[in-house]
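Colleague: Predicted structure and sequence below. I'll ask about it afterward.
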Amino acid sequence: MSAPTAAPVGSSSGPGDETILSVRDLSVAFRQGGNTQLAVDRISFDIARGETLALVGESGSGKSVSALSVLRLLPYPAASHPSGQVLFKGHDMLSVPEDAIRRVRGNDITMIFQEPMTSLNPLQSVERQISEVLHLHQEISQTDARAKVLDLMTQVGIREPEKRLASYPHELSGGQRQRVMIAMALANRPELLIADEPTTALDVTVQAQILELLGDLKRHHGMAMLFITHDLGIVRKFADRVCVMTGGKIVESGPTSEIFKNPQHAYTRHLLAAEPKGRPPRANPEAPVVMRGEDIRVWFPVKKGFMRKTVDHIKAVDGVSLTLKAGQTLGVVGESGSGKTTLGLALMRLIRSKGEIHFDGQALHDRTFKTMRPLRSAMQVVFQDPYGSLSPRMSVSDIVGEGLAIHAPHLTSQDRDRRVAEALVEVGLDASTRWRYPHEFSGGQRQRIAIARAMVLKPRFVMLDEPTSALDMSVQAQVVDLLRDLQSRHELAYLFISHDLKVVRALANDVIVMRAGKVVEQGSAEQIFDHPGTDYTRALMAAAFNLATAPVGAVSD
Amino acid sequence: MSAPLTAPSVAVETDERAARTAYERPTGWLSPTNKRRWANFKANRRGYWSLWIFMVLFVLSLFAEFIANDKPIIASYKGEILFPVAVDYPDSKFGGFLAVTEYRDPFIRDEIEANGWMIWPPIRYSYGSVNSDIPHSAPTAPFWMMDEAQRCSAYPLKAEDPGCVIGNMNWLGTDDAARDVMARVIYGFRISVLFGLVLTILSALIGVTAGAVQGYFGGWTDLLMQRFIEIWSSMPVLYILLIIAAILPPGFWVLLGIMLLFSWVSFVGVVRAEFLRARNFEYVSAARALGVGNATIMYRHLLPNAMVAMLTFLPFILSGSITTLTSLDFLGFGLPPGSPSLGELIAQGKENLQAPWLGLTAFFTISIMLSLLIFVGEATRDAFDPRKTFQ
């Protein structure tokens, strides 16, 4: 590496004196059909050299749109800017010609996106993708480029970079992909890095690692950063200044410490208060056992050769035993790929498994899909992604009523309609919304619909597969409260699958910690959270509660 | 409710959009998505107009018997109101001796005119009726290419003959059997479009079912059926059609059946791909967790996804079917002799280069019909294109 560029401020100690990006009165409007909608309404902010500015808000607040406008990356002409300027070193990015802004993109200002899988080209090797950025903006020879790529990959903490040069994105883990994205963003020594929720799609442990990396790099290179997130925990640890956005407007801005200590605007206070809180109700040791699994194994065969001989197994779940009592919650935690969801699907008999499963005293493990059907009304699932789990072409009434049509065919259509309406009211939705379609609802409302679909059948066991991880923080808290309320009212047994330990803490009586299909630790929530027995559990908790990284090897990267 | 629920009224959940829309059960028969699609379709002006023109032509051709026929629509004979277009009256009723009444015959015509009146369709020829009063040997040119004396020269009373009226003129001339080309085009258009529509709908039914089963069940089912389709679709369709047509007497339904054997395959690919993609969606897993059966999942949750791909294909398959029928007719392996067919008209045009109206008529009819369908197809494709949302 050559010597770092002389930056006036090298650390995050405070804002520099030289403003490099100045957004003045920026508005963004979208035209759809005949209507024009204002997504961003006259916002202004400045970023000084070496400073990190966080743009905080919930989905739909206009924070990503604002960031994309800086590099003019919106879908024009559907998008337009009714007012405002984006001054980068004195030039208005909104009015400079196209080839001038292309020289800025990827060179002076770079971006990291949320989804590392889709923001890398799946058909090109890592080396090609990183060196493309170099070739675009610099005169550089092939050999020099390769050396530079290796250097960048070392900087972003990819181990054994020589071996990774020829890898394709699908061969890398989520965290490694995001590191490659960061390497691409750093390739031309940008003066401003825009990070659009760079860790939202990652595991908590990986999130901590990526944040640490970004912090180190920023200190080294003295670059400014515009950090977009909905997670106040990250902001507190990471940003020098904060702008809080809602409904397309910046409602409050100031130094991080002040905003956290003394929030002025009601919305900021609301955001700060919105963390999943509380503890689960005390478990009743006499409660009847609802679900019991003995030595559950889900092995996927690895077949090789012409005769497709099974040479090995991928052990997604490898010998897990558990008991779940009525009115209680069993939390299953672990990194992604540790087999949490597979375990849940095996218990629900939605996937083939070995080992005994008893539900309500009945053996499930030898039932076929057909003979399982009568029991399905008593065991339900709520999935992670409220956008994917509701059929877009069915009305809410049809979605919630579908299970009733199968499990209670004797109901008249009026009775069914009444049950649907009751279920919607119970999850906190207006019953008169049931004629509308999923796309008309926000993420939190959709998750409530998914919960209503499960609850309308009056189940005894509900598998909750990361039901909060796709939601905004304040909505997460509401959904957690709703789940706890439903549980106490209906004596529900929850299998709560999550990598987010904050939410697990708020709900679970007992916890199973999984890694690579095996149980690492198992016990009551107090025991696991207060006296974790393994490095792995400790790493998960450090990442979740303090955004801290663990020593190398404790968790995967 | 016993416990206080979390306040959904908190303004944080961005449900302003929800508040603005009415909460009643929607009444219109088009869902918002379909309304947007219809708007996109209309935005493609060429396709929109093509659809209208095509629909008008098609609906008119459905009533071909009232436009071009060798029987009057209504007649009054000796105080009795007759409907010759719908009812077969024996020739003896009018003092004749033939089995079928030939209303174009001057004898019958004069008999009815003397005892009442007749209302003729604008063109007094059906697709099979022969014009016996052509001025020279068939094929004869369109009447507007001849002067009045010439076009009436074959009638007994020349220009004063009651038969030499506009309804008896051949707008597009006659073919080599002295049949009116205009009438044959109208009937030929109808049979082509009907054939194409029936074939397309039946192929869609079979193809979508096969594709759905393959995509949904996957595994061995998919593997075996895919291999079967590969073998099946590598057969030389035209030769097999010729061989079967040589054994079975060709007719509308036989031809339809033979072509159906091969045309369903074109739908399988798209539908299978959509089902393969969508069967892993979470809402499908959710339905499975509810205990919904396979058939219901396929119909209710997956088919709507595949419909878009299929509907986009439909107009193109339709025009393809029409082209195949025309080419079979051209080769002489199509509809039975005497049927009104555009392919046969092309063949006649090729045989009679001295009568360019035959070839030109066939060319313009087929090209206009197929162009209209392709334009409609393009507009349909636009309508279902999700990326057209922001325009």
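Modeller: Nice, I can see it. Here the structure is a predicted model, which means the values were calculated and not measured. Numbering: from 1, shown residues only, chains lettered A, B, ... in the order given.
Colleague: Pretty sure A:Gly293 sits against A:Val320.
Modeller: Yes: using Cβ atoms under 8 Å, A:Gly293 makes contact with A:Val320 at a distance of 6.7 Å. Where you see a C-beta, it was placed from the backbone N, CA and C, and this is true even at glycine.
Colleague: The nearest residue to A:Ser80 once chain neighbours are set aside: what's it in contact with?
Modeller: Nearest non-adjacent residue to A:Ser80, counting by Cβ to Cβ, 6 or more residues apart in numbering or on different chains: A:Ala29, 5.3 Å away. With contact taken as Cβ atoms under 8 Å, 6 or more residues apart in numbering or on different chains, A:Ala29 is in contact with A:Thr36, A:Gln37, A:Leu38, A:Ala39, A:Ala79, A:Ser80, A:His81, A:Pro82.
Colleague: Contact partners for the third one?
Modeller: Contact criterion Cβ under 8 Å, 6+ apart gives A:Ser27, A:Val28, A:Ala29, A:Pro82, A:Gly248 as the residues in contact with A:Leu38.
Colleague: Please identify which helix or strand holds B:Val59.
Modeller: Per DSSP states H and E, B:Val59 falls inside helix B:45-62.
Colleague: Apart from its neighbours in sequence, what residue is nearest B:Ala347?
Modeller: Closest to B:Ala347 by Cβ to Cβ, 6+ apart is B:Phe330, at 5.2 Å.
Colleague: For the stretch 351-500 of chain A, give the residue positioned nearest to chain B.
Modeller: Using Cβ to the nearest Cβ, A:Arg376 is the residue of the stretch 351-500 of chain A that sits closest to chain B, at 3.4 Å.
Colleague: distance between stretch A:299-313 and the chain's centre?
Modeller: 34 Å (Cα atoms, centre = their mean, to the nearest Å).
Colleague: Name the residues that touch that stretch?
Modeller: A:Ile314, A:Lys315, A:Ala316, A:Asp318, A:Lys354.
Colleague: in the stretch 1-150 of chain B, which spans are helices?
Modeller: B:16-20, B:32-43, B:45-62, B:64-67, B:106-115, B:148-151 (DSSP state H, counting those that start in this stretch).
Colleague: Could you dump those into CSV with mean neighbour count added?
Modeller: CSV is the format used below for the helices of the stretch 1-150 of chain B (neighbours: other Cβ atoms under 10 Å in any protein chain shown):
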stretch, mean neighbour count
helix B:16-20, 11
helix B:32-43, 15
helix B:45-62, 15
helix B:64-67, 16
helix B:106-115, 15
helix B:148-151, 14
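Colleague: Tell me where the model's unsure across the chain.
Modeller: With no chain named, the answer covers chain A. Along chain A, segments meeting pLDDT under 70 span A:1-17, A:33, A:549-557.
Colleague: that's the other chain; I wanted chain B
Modeller: The model of chain B has pLDDT under 70 over residues B:1-33, B:386-391.
Colleague: What are the contacting residues of the host helix or strand of B:Arg227?
Modeller: Under the criterion DSSP H and E, the helix or strand holding B:Arg227 is helix B:219-233. Contacting residues not belonging to helix B:219-233 are listed as B:Ala210, B:Val213, B:Gln214, B:Gly215, B:Phe262, B:Val265, B:Val268, B:Arg272 [Cβ under 8 Å, 6+ apart].
Colleague: Mind listing what's buried along that helix?
Modeller: Buried residues in helix B:219-233, counted by 16 or more other Cβ atoms under 10 Å in any protein chain shown: B:Asp222, B:Met225, B:Ile229.
Colleague: Which helix or strand lies directly C-terminal to it?
Modeller: Next helix or strand after helix B:219-233 toward the C-terminus (DSSP H and E): helix B:237-247.
Colleague: returning to what we had before: which members of the contacts of helix B:219-233 occur in strands, if any?
Modeller: Judged by DSSP state E, strands contain none of the contacts of helix B:219-233.
Colleague: Could you list which of the residues you listed belong to helices?
Modeller: B:Ala210, B:Val213, B:Gln214, B:Gly215, B:Phe262, B:Val265, B:Val268, B:Arg272 (DSSP state H).
Colleague: three-state assignment of the residue nearest to A:Ser83 when sequence neighbours are not counted?
Modeller: Distances taken as Cβ to Cβ, 6+ apart place A:Ser27 nearest to A:Ser83, at 4.6 Å, with adjacent residues excluded. Following DSSP: H, G, I helix; E, B strand; the rest coil, the label given to A:Ser27 is strand.
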